[in-house]
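Asks: Pasting the sequence and the predicted model now:
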Amino acid sequence: MGKVTGFLELDRQVESYREVEIRIKDFGEIFADTHNLDQLKEQGARCMDCGVPFCQSSSGCPIDNLIPEWNDLVYNNEWKEALKRLEKTNNFPEFTGRVCPAPCEGSCVLGLNNPAVTIKNIELAIVDKGFEEGWIKPRPVNTRIEKKVALVGSGPAGLAAADELNQIGYSVTVYERNDRIGGLLMYGIPNMKLGKDVVDRRVDLLRQEGVEFITNTDIGKDISTKDLKKSFDAVVFTTGATKARDLPAENRNAIGIYPAMEYLTSNTKSLLDNGYADNSELSAKGKNVIVIGGGDTGTDCIGTSLRQGAKSITNFELMSQPPEARSETNPWPEWPVIFRVDYGHEESHKVFGKDPRQYQLLTKSFIKDKDGHVSGIKTVNVELVDGKLNEIDGTDKIWDAELVLLSMGFLSPEHYLSEDANIDIDERGNYKAKHGEYTTSQKGIFSAGDCRRGQSLVVWAINEGRGVANSVNNFLVNS
């Protein structure tokens, strides 16, 4: 694939973001305005004729993207054909090309002893060029099947399922409890990583193709599942995992301590409604901000609070700093657990002169002032010994904080919907349904995405959305 000797001759070159000094002044996407197509062509040439492309295997891309094929097509300057190959497996490459951590690159065979192919950059360039050239257009559905499907939740799993079922010919209605369509894509991922015009553009395409969207409607509260089933032949729950993990330390009730998603949602909604950053009590402006927990959401909190004008930003991590390279217990093609510098870390370092992350920190208690507002956090350093975290004597410390954001992941979906539908939940609190089947304990009700598998990636949500659409189709055909 690509140039036979490309991987021997060419080095990995990642497309750059906008300059830090410029991008931190706004909430626009961090990506450069244009793609360097000549550079991307060279990067496509680095794709090896590796025999077994682990990038599109179970350890790589969850939706089995035909990565070597479109790498080769880009190398040969056949962008429109590359788009056709990309769209065979991925409903929304403009989302994954922006926000996916790229497990495909972690499994790239070239990554055994060289930097992996820039798969994510190439994917994004293909779909962006597709929109720029007008190759991506509404696909009208000429023949409709006399059956209707309701999808509850409009995140990536719900949208993928809606796209697939609509193209088969079913009449599809998507219900969303928020005021805008997109779920996690709209309010969970900040504008810097995924512009909401990008989300709206895809939603508008789906709407033109016949998908109906209904907002501000909470199934299980505004409409019961029983009533929904009377109007539809199948119902699919794709509500996401929205129950955040809390930190029940002393003085947790202090004002100024918020789940990360509440904070991110508030700012995005303010930008969309008013055109400016949130200036409510959730704002980081002029405050010492502490983000507890890492991952993508923690980074998004850092980037958002920086743009709001935080006085300082510190990110607590419970575990030790990851190694620079794979450890012996983390072999290829597993996802490489290594030290990474994401956009928020880079920005914070540029502004404050240091990486915001502090490792091996355990929060002992929150400190609040006489008015009930959080004013600090008491921590202690910990070390992992024989699988147990032990506190290190003499390492107690007080940190100033007027805003604390809890970014420690999600436990499960909220259960008012599962209770209303009377469906079983599994031992982790997710809607119980087997991967590949997606059927719940109630006939005609299906479940997919994070509400079924637990908190995961956008690309896994697309996998599940496509999968549940196939199961719904089989159910409706057989019934």
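Replies: Looks like it came in fine. Residues are numbered from 1 along each chain as shown.
Asks: Break down the stretch 1-150 of the chain into its helices, ranges please.
Replies: Assigned by DSSP state H, counting those that start in this stretch, the stretch 1-150 of the chain shows helices spanning 6-9, 20-23, 37-45, 67-75, 79-87, 93-99, 103-106, 119-132.
Asks: Select, out of the ones you listed, the one closest to Val141.
Replies: Among the helices of the stretch 1-150 of the chain, the nearest to Val141 by CB to CB is helix 79-87 (16.3 Å). Heads up, the C-betas are built off the backbone N, CA and C, glycines and all.
Asks: Alpha carbons only: can I get the closest one in CSV?
Replies: The C-alpha trace of helix 79-87 is given here as CSV (Å, rounded to 0.1, in the frame of the first residue of the first chain):
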residue,chain,number,x,y,z
TRP,A,79,-9.4,11.7,-2.9
LYS,A,80,-13.0,11.1,-4.1
GLU,A,81,-12.3,7.3,-4.2
ALA,A,82,-10.7,7.6,-0.7
LEU,A,83,-13.9,9.2,0.6
LYS,A,84,-16.0,6.4,-0.9
ARG,A,85,-13.9,3.8,1.0
LEU,A,86,-14.1,5.8,4.2
GLU,A,87,-17.8,6.2,4.1
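Asks: Tell me how the chain divides into domains.
Replies: Taking automatic domain parsing as the domain assignment, the ranges for the chain are 6-132, 148-242+411-478, 246-408.
Asks: quick one: low-confidence ranges for the stretch 1-150 of the chain?
Replies: The stretch 1-150 of the chain contains residues with pLDDT under 70 at 1.
Asks: again, 90 this time
Replies: 1-4, 48-49, 51, 57-59 (pLDDT under 90).
Asks: picking that back up, would you turn the helices of the stretch 1-150 of the chain into JSON lines with distance to Pro356?
Replies: Output for the helices of the stretch 1-150 of the chain, formatted as JSON lines (distance: least, CB to CB, whole Å):
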{"stretch": "helix 6-9", "distance to Pro356": "35"}
{"stretch": "helix 20-23", "distance to Pro356": "14"}
{"stretch": "helix 37-45", "distance to Pro356": "30"}
{"stretch": "helix 67-75", "distance to Pro356": "33"}
{"stretch": "helix 79-87", "distance to Pro356": "35"}
{"stretch": "helix 93-99", "distance to Pro356": "21"}
{"stretch": "helix 103-106", "distance to Pro356": "24"}
{"stretch": "helix 119-132", "distance to Pro356": "24"}
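Asks: Output the domains of the chain in a markdown table, with mean neighbour count and distance to Pro138 appended to each entry.
Replies: Below are those laid out as a markdown table (neighbours: other CB atoms under 10 Å; distance: least, CB to CB, whole Å):
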| stretch | mean neighbour count | distance to Pro138 |
| --- | --- | --- |
| domain 6-132 | 19 | 13 |
| domain 148-242+411-478 | 21 | 4 |
| domain 246-408 | 17 | 24 |
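Asks: To Pro140, which of those lies closest?
Replies: domain 148-242+411-478 (6.6 Å).
Asks: Now do the closest one: distance from first to last residue.
Replies: One end of domain 148-242+411-478 to the other measures 15 Å (CA to CA, to the nearest Å).
Asks: picking up where we left off before, what's the closest of the helices of the stretch 1-150 of the chain to Gly286?
Replies: helix 20-23 (20.7 Å).
Asks: Now do that closest one: everything it contacts.
Replies: Helix 20-23 has contacts (CB atoms under 8 Å, 6 or more residues apart in numbering) with 17, 30, 192, 346-347, 350.
Asks: got the contact list for Ala461?
Replies: Contacts of Ala461 (CB under 8 Å, 6+ apart): 155-157, 160, 184, 238, 449-450.
Asks: go with 10 Å
Replies: 62-63, 92, 95-96, 155-161, 183-185, 238, 240, 448-453 (CB atoms under 10 Å, 6 or more residues apart in numbering).
Asks: Run the chain-centre distance for the helix or strand hosting it.
Replies: In the assignment (DSSP states H and E), Ala461 maps to helix 458-478. Offset of helix 458-478 from its chain centre (CA atoms, centre = their mean, to the nearest Å): 19 Å.
Asks: Let me see the mean pLDDT of it.
Replies: Per-residue pLDDT over helix 458-478 has a mean of 98.
Asks: if we compare the helices of the stretch 1-150 of the chain, which one ends up closest to Leu417?
Replies: Taking those one by one with CB to CB, helix 93-99 is closest: 24.4 Å.
Asks: Quote the end-to-end distance of stretch 11-29.
Replies: For stretch 11-29, the end-to-end distance is 26 Å (CA to CA).
Asks: Downstream of the longest strand belonging to the chain, the next helix or strand is which one?
Replies: As assigned by DSSP state E, the longest strand anywhere in the chain is strand 374-385. Next in sequence after strand 374-385, counting helices and strands by DSSP H and E, comes strand 388-391.
Asks: Nearest residue to Ala239 in space, please, no chain neighbours.
Replies: Check again: residue 239 is Thr, not Ala. Take Thr239 and drop its neighbours on the chain: the residue closest to it by CB to CB, 6 or more residues apart in numbering is Gly153, 4.0 Å away.
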